[in-house]
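Participant: structure for the following, please:
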Amino acid sequence: MGEEVPKKRNRNLLKQFYGIRKEESVDKTTDINSDQFNTDIYMKEMLGKKHLDELLGYQTTLLKDIRRLDSEMQTLVYENYNRFISATDTIRRMKDDFRQMEDQMEAVITNMDSISTFSSDISVNLSDSRQKITKLSSVHSLLTKLQTLFELPTLLRKAIQMEAYPQAVKYYTQAAAILSQYEHVNSFDGIRSDCEETVKTLTDALKKCLEDKNAKAQQVLETTDLLLELKVSTEEIILLFLQTSHHILQENIDQVGNPPEDQDILEFIDTTAYPFLGSVSLTIDTFKRAFKENPNVTLEQSVLDEHLSEFAYNHFSLYFGHIQDRFATEARQPDNAMLVRGLDRFYRRIQPVHELLPSASLDRIACEIVTNTIRNRIQFYSETLNTHFTETLGDVKQALLVSKPAQFEGQESLAEITSTLKASLVGKLKLVLVNVKEFVNPDVTFSTKPYFRGPFCVHDVRQSLVMRYLEQVINTVASLPEGVPPSLLLVTARLSLDFQTTTISFLAQLVSDMFPADKTALPEQLSPTVQELTTLAHDTVSKILTRYVHVKGVSVSQMIHTSVKTRDWLSAVEPRNVRAAMKRVVEELTELDTQIGGLFEEGIVKATNSDSSRRALSHGGRASSKYKYTPSDTESSLLNKLFSDQVEIFGEIQFTKLSILTGIIKIGLKAFLESVRLRTFGKFGLQQIQVDVYYLREYLWRFVEEERLLNFLLEEVVSSAMDRCVEPVTMEPSVIMLLTEPS
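Facilitator: Predicted structure coming up:
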């Protein structure tokens, strides 16, 4: 029992060391591998659970395990025998070495005690001499410093001659306090005077270094620091620095203002304009490091910022002026892609400088230059479009007069010419929009800026370019000069009508798709709006058609008036056919019907009794062969005029073929009526008027909107002729029909 207690304690300590937790209370008395194994309990359990055969077999197994474990133990002993021997020898040697070390440590302790004793004795014996040595050392140090002070002017001059300016400043700053403290001593005052003269020379030399345009940034920083250490005014140093930088930047600006003539815009930005940006960036960075980030500078940051901002503003104003002049010239060159790349490159080059000096708003100013240049480009494109329109309109005029230009070759009808004209105008505008689209490509830096994209898409492209161009086209065709071919009026009227119905809205939608902009960028009113342009186009169509009707009406009127004026109606012979002038009138109106019908819709004919009205002149009233002229007929005619509808000769023209032809016919027949009223007719003269009127009626009814109106005007002509006839005897209707039948 006495041996088992230490073993158990040791076992518990080992378990504690290796972190083996104590297992929960489990009965391990029957576990042969457990330290709680109990042979008696285990045997009782085995005898109670197993048969004899099983016990014999288990006995055999235990014997084999015992032999195996004995064999393994022997093997372990044999394998580790040499190690055990070596460990034993090592432990034995360590014991011997520790004994020697203990002896040596005792000897060292003895020696240290002896040294301490000797040191104490020496300190006591030399205490008086140490104080004298310390005093002498202080005197020696002071004499050395005085010698240095006396040699200071010479040292300063040598350092200046060797251009060792930092060393010279170091010499002076170390001695300046002493010289100032003892300036009342004559010898020190003389040294101070010599040093100040030399320092003045040093300061001048440093200022010259600061004025050197070829000095590196690091040299400028070192020179600035040295001048500050010499107590030179910060304002004076800043002035010197900025003056030197001004000379450098002015050379760059002059170069920008006078570039080589053969440089394209990209070469101009890279080789001529960029050196200024590099120089000004270096100047700003050096200024910040030399003054704003220097702890020796006593000026407030706001004052420093004011100096730098004013300097930058003065030079960038000149620089941006030259840049804008160059871009203004470039904006009128044909190569749009080169201009876009040049603007983008310029804007990119400004960004690093803007980051160095955000307070100067260089980014916004650069964007304004870009915007102004693009507006100049838009103006150039507007002029190009207007020139193209003028030239194309001239080609149309030439095609309508004599020979056709190439683009109108082979086109006979006005509809084909109008279609070609519209396609040319719209196609040219689309081509311009494709070029302008390059300014808002995603790879262009400034295109993503909200203060650029919104105004550009809305004001510059939509309003200034497209809507103003359409307005210019409409106003131009509305004010064509006198003497243009009447067919040109028809073409421009059809063009304006197409603008009103489809072209304006189509182009407005096209611009919105190609140049989308945030709705917040759209002002409440865009002038001109699509509705305003549509209304303007409608009014222009009406104005042109009214002018066309007037021109062609006057032409027909002149034909009729001339034919009435040049004939002797009193002595006229019996009519045998329709006069040639009336046939020419019908031919003219037939040709107009073809031209106008190719451009405008037919129109609506007002319903009338066509058969009865068409024969009114031949079978009714005054057309009867039995009609005898009496004064009562004049009174009857006046009463009919009084109660009949008033005919508006110069009324509003609708955008249809029948309305246009009706307007022309009304003017012609009104002229016919007035010409008849100025003449005196004989019997056969009246009958000739009857034949002419019947012929006109038979051919003109298909050209008017309302036959009743045509009948009224023709009846007025016959009535006026009868009123002016000396022998009002009318012709038989059958004879009139026979004479007017086509041969």
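
Participant: poorly predicted segments of the chain, please.
Facilitator: 1-27, 125-152, 171-172, 174-192, 402-412, 518-525, 607-648, 650, 743 (pLDDT under 70).

Participant: tell me which residue is most central in it.
Facilitator: Ser447 (2.5 Å; CA atoms, centre = their mean).

Participant: would you map the helices across the stretch 201-350 of the chain?
Facilitator: Under the criterion DSSP state H, counting those that start in this stretch, the stretch 201-350 of the chain contains helices at 217-229, 234-257, 265-267, 274-287, 301-330, 336-356.

Participant: can you redo those helices as CSV with mean neighbour count and distance to Val551?
Facilitator: For glycine as for every other residue, the C-beta is placed from the backbone atoms N, C-alpha and C. Below are those laid out as CSV (neighbours: other CB atoms under 10 Å; distance: least, CB to CB, whole Å):
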stretch, mean neighbour count, distance to Val551
helix 217-229, 19, 79
helix 234-257, 17, 57
helix 265-267, 17, 51
helix 274-287, 19, 63
helix 301-330, 16, 45
helix 336-356, 18, 42
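
Participant: check contacts around Ser245.
Facilitator: Ser245 is in contact with Ser279, Thr283, Phe311, counting by CB atoms under 8 Å, 6 or more residues apart in numbering.

Participant: now distance to Phe655 too, for the residues you listed, in JSON lines please.
Facilitator: Formatted as JSON lines, these follow (distance: CB to CB, whole Å):
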{"residue": "Ser279", "distance to Phe655": "67"}
{"residue": "Thr283", "distance to Phe655": "69"}
{"residue": "Phe311", "distance to Phe655": "67"}
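
Participant: can I assume the residue nearest to the centre of the chain sits in a helix?
Facilitator: Yes. According to DSSP: H, G, I helix; E, B strand; the rest coil, the state of Ser447 is that of a helix.

Participant: how about the nearest residue to it, chain neighbours excluded?
Facilitator: Distance criterion CB to CB, 6 or more residues apart in numbering; nearest residue to Ser447, sequence neighbours excluded, is Val440 at 4.5 Å.

Participant: does that neighbour touch Phe515 like I think?
Facilitator: Yes. Val440 lies in contact with Phe515 (CB atoms under 8 Å); the separation is 6.6 Å.

Participant: which neighbours do these two have in common?
Facilitator: Both Val440 and Phe515 are in contact with Phe456, Cys457, where contact means CB under 8 Å, 6+ apart.

Participant: and the residue nearest to Ser447, how far from Thr448?
Facilitator: As judged by CB to CB, to the nearest Å, Val440 and Thr448 stand 9 Å apart.

Participant: compare the two (neighbour count), which wins?
Facilitator: Using other CB atoms under 10 Å as the criterion, Val440 and Thr448 rank with Val440 on top: 21 against 11.

Participant: what sits against that one?
Facilitator: Val440 makes contact with Ser447, Arg453, Phe456, Cys457, Phe515, according to CB under 8 Å, 6+ apart.

Participant: pull out the buried residues from those.
Facilitator: When the contacts of Val440 are checked for burial by 16 or more other CB atoms under 10 Å, the buried set is Ser447, Arg453, Phe456, Cys457, Phe515.

Participant: just the closest of these to Ser505, please.
Facilitator: Ser505 has its nearest neighbour among these in Phe515, at 16.2 Å by CB to CB.

Participant: quick check: that closest one touching His459?
Facilitator: No. The criterion here is CB under 8 Å, and Phe515 misses it with His459 at 10.9 Å.

Participant: among the contacts of Val440, which lie within helices?
Facilitator: With DSSP state H as the criterion, helices contain Arg453 from among the contacts of Val440.

Participant: now the contacts of Val440 in TSV, with distance to Leu700?
Facilitator: Shown next, in TSV, are the contacts of Val440 (distance: CB to CB, whole Å):
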residue	distance to Leu700
Ser447	63
Arg453	61
Phe456	57
Cys457	55
Phe515	53
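
Participant: Val169: which of the contacts of Val440 is nearest?
Facilitator: For the contacts of Val440, the residue nearest Val169 by CB to CB is Ser447; the value is 53.4 Å.

Participant: for Thr656, phi and psi?
Facilitator: When read as degrees, to the nearest 10, the backbone of Thr656 gives phi -130, psi 160.

Participant: give me the nearest residue to it, chain neighbours excluded.
Facilitator: By the measure of CB to CB, 6+ apart, the closest residue to Thr656 outside its immediate chain neighbours is Gly603, 2.9 Å from it.

Participant: for the residue nearest to Ser447, give its distance to Gln500.
Facilitator: Using CB to CB, Val440 is found at 30 Å from Gln500.

Participant: contacting residues around the closest residue to Gln243 other than its chain neighbours?
Facilitator: Spatial nearest neighbour of Gln243, excluding adjacent residues (CB to CB, 6+ apart): Glu211 at 7.4 Å. By CB under 8 Å, 6+ apart, the residues touching Glu211 are Leu240, Gln243, Thr244.

Participant: I figured the first one hits Asp212, correct?
Facilitator: No. Counting by CB under 8 Å, Leu240 sits too far from Asp212 to count as a contact (10.8 Å).

Participant: neighbours of Thr201, how many?
Facilitator: Applying other CB under 10 Å, I find that Thr201 has 14 neighbouring residues.

Participant: can you tell me the SS state at Gly483?
Facilitator: coil.

Participant: and it, how many neighbours?
Facilitator: Neighbour number of Gly483 under other CB under 10 Å is 6.

Participant: same question for Glu674.
Facilitator: So Glu674, with other CB under 10 Å, has 15 neighbours.

Participant: what packs against the strand or helix carrying it?
Facilitator: In this assignment (DSSP states H and E), Glu674 forms part of helix 657-677. On a contact count with 3 or more CB pairs under 8 Å, 6 or more residues apart in numbering; DSSP states H and E, helix 657-677 meets helix 530-565, helix 580-597, helix 683-700, helix 707-723.

Participant: so the residue nearest to Ser447 versus Val530, what's the distance?
Facilitator: Distance from Val440 to Val530, by CB to CB: 22 Å.

Participant: likewise Thr88?
Facilitator: Applying CB to CB to Thr88 and Val530 gives a distance of 112 Å.

Participant: please say which of these two ends up with more neighbours.
Facilitator: Set Thr88 next to Val530 and count neighbours by other CB under 10 Å: Val530 wins out with 15 against 9.

Participant: excluding sequence neighbours, find me the nearest residue to the more buried one.
Facilitator: Using CB to CB, 6+ apart, the nearest residue to Val530 is Ala508, at 5.0 Å.

Participant: what strand or helix carries that neighbour?
Facilitator: helix 504-514.

Participant: which outside residues touch that helix?
Facilitator: Counting by CB under 8 Å, 6+ apart, 426, 429-430, 433, 437, 461-462, 466-467, 470, 530, 533-534, 537 sit against helix 504-514.

Participant: which of the residues you listed are buried?
Facilitator: Of those, these count as buried by 16+ other CB under 10 Å: Val426, Leu429, Leu433, Val461, Arg462, Val466, Met467, Leu470, Leu533, Thr534, Ala537.

Participant: from those, pick the one nearest Met94.
Facilitator: Val461 (97.7 Å).

Participant: could you check how far Leu592 is from Ser487?
Facilitator: From Leu592 to Ser487 the distance is 10 Å (CB to CB).

Participant: ditto for Val554
Facilitator: 15 Å.

Participant: ok, now Gln687?
Facilitator: On the measure of CB to CB, Gln687 and Ser487 end up 37 Å apart.

Participant: and if you look at Lys428?
Facilitator: For Lys428, the distance to Ser487 - CB to CB - is 23 Å.

Participant: neighbour count: those two, which is higher?
Facilitator: Comparing Lys428 with Ser487 by neighbour count (other CB under 10 Å), the higher total belongs to Ser487, at 21 against 17.

Participant: which phi and psi does Val578 have?
Facilitator: According to degrees, to the nearest 10, Val578 has phi -80, psi 140.

Participant: check contacts around it.
Facilitator: Contacts here follow CB under 8 Å, 6+ apart; on that basis Val578 touches Val691, Asp692, Tyr695, Leu739, Thr740.
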